[in-house]
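> need a 3D model of the sequence below.
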Amino acid sequence: MTVVEDDGKASRRLRVVAAVLVGAAVLLILSAVGHSASAPPAVAPAPSPGPGSGCERLPYRAAVRQVGAAIVFPEVSYAIDRTGDRPRIDLSGSYRGDLPEERRIAVITRPDPASYDSSPGHRPGDGHYYYQRELRVDREARCWSAVSFGGVYSGSAGLAWQVYFALVPADFGVTSVSARNHVDEGVLASLEILASFTVQT
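Sure, this is the predicted structure:
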């Protein structure tokens with residue numbers, strides 16, 4: 001009898017231990033499920049800004065006519081300071097493409113002969129091409145900083161300026177531009193024009 005009673009007690013103890021272990025396992029499973037349900041979903045990192053996304057933007061956007069394919073100008077913005085009788089135009093924007101180290105991007109402008117200034121005689125644009133300066137390019141950010149230029153004479157407010165971006169040699173401003181900043185039409189025809197647009201003053 002004693003042996004039978006001991007076996008019964010052992011069996012009951014085993015059942016109790018098994019029940020406790022099963023209960024603990026159930027609690028652990030429920031706890032894990034609850035944690036995964038309450039945990040915030042994984043969030044993909046925001047995409048990094050593309051080239052040119054951090055470039056300065058001025059108040060107005062120019063409608064750019066892309067001419068060359070080597071360097072593209074996805075955005076050109078501008079501002080006009082009309083405080084004097086020679087409006088100042090500021091330009092800024094972004095670009096895509098590779099600019100060779102030995103090359104520069106020149107800004108060449110032309111007062112449109114179909115537009116008229118604000119002088120008493122309302123003179124038309126003279127149609128000459130003028131070298132202004134080179135773009136100041138940030139090759140890492142793919143931006144070019146503001147370029148400022150003004151009218152060629154007093155009372156030139158009201159003219160429409162045709163603006164050209166041309167790929168030129170590094171010494172272009174010294175070797176190919178006249179004393180009055182004129183660019184001969186023959187010289188212009190030899191340049192690689194990258195883009196053009198018009199700014200109305």
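
> so which residues of this structure form strands?
Using DSSP state E, the strands assigned to the chain run over residues 60-61, 65-66, 71-81, 88-97, 103-111, 130-134, 137-138, 143-150, 160-169, 192-200.

> show me what the closest residue to residue 81 other than its chain neighbours is bridged to.
The shortest distance from residue 81 to any non-neighbouring residue, by CB to CB, 6 or more residues apart in numbering, is to residue 88 (4.2 Å). Where you see a C-beta, it was placed from the backbone N, CA and C, and this is true even at glycine. Residue 88 has these beta-bridge partners by DSSP bridges: residue 81, residue 150.

> returning to that earlier point: of the strands of the chain, which is nearest residue 177?
Distance to residue 177, taken as CB to CB, is lowest for strand 130-134 among the strands of the chain, at 4.5 Å.

> now the angle from the closest one to strand 160-169?
60 degrees (axes from the mean of the first three to the mean of the last three CA atoms, to 10 degrees).

> and strand 130-134 with strand 103-111, angle?
Using the same axes, to 10 degrees, strand 130-134 lies at 140 degrees relative to strand 103-111.

> now do strand 130-134: which elements does it pack against?
If you count contacts as 3 or more CB pairs under 8 Å, 6 or more residues apart in numbering; DSSP states H and E, strand 130-134 packs onto strand 103-111, strand 143-150, helix 172-175.

> may I see the ones you listed arranged in a markdown table, with mean pLDDT and distance to residue 184 as well?
Shown next, in a markdown table, are the helices and strands packed on strand 130-134 (pLDDT from 0 to 100; distance: least, CB to CB, whole Å):
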| stretch | mean pLDDT | distance to residue 184 |
| --- | --- | --- |
| strand 103-111 | 95 | 11 |
| strand 143-150 | 87 | 19 |
| helix 172-175 | 91 | 12 |
